[in-house]
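Novice: How does the following fold in three dimensions:
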Amino acid sequence: MKVIVLQRQSIADIAIQVYGDIRGALEIAIANNMSVTTVLEAGTEIDCPDTTFSPYIQEYVEDIITIRDEELIVCFLDMIEAMHAQ
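Specialist: Model (predicted):
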């Protein structure tokens, strides 16, 4: 799957967006020859391996992403990231 990086997104954000799980960050970094701390530019295309960590969350996130409202997505990803940090 290919993902276009949105403004202020990190590899961790994309992992949560695509997989519903922060563990996907390492998979994404390896697939794109990057570090998990690489600063991404908006508009960059990122390859995401076909992996599932959390099917329920991943399905929910995919439904939200179809909205394509950049501000909603950024807010939602920040919320999920905060939940994973607890």
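Novice: how about the longest helix along the chain: buried residues?
Specialist: For the chain, the longest helix by residue count, based on DSSP state H, is helix 70-85. Neighbour counts over helix 70-85 (16 or more other CB atoms under 10 Å) mark Ile73, Phe76, Leu77, Ile80 as buried. (C-beta placed from N, C-alpha, C; glycine too.)
Novice: Show me the strands in this structure, by range?
Specialist: 2-4, 45-47 (DSSP state E).
Novice: So what touches the first one?
Specialist: To tie it back to what came earlier, the one meant is strand 2-4. Residues outside strand 2-4 that contact it (CB atoms under 8 Å, 6 or more residues apart in numbering) are Ile14, Gln17, Val18, Gly43, Thr44, Glu45, Ile46, Asp47, Cys48.
Novice: ok, 7 Å please
Specialist: Ile14, Val18, Gly43, Glu45, Ile46, Asp47, Cys48 (CB atoms under 7 Å, 6 or more residues apart in numbering).
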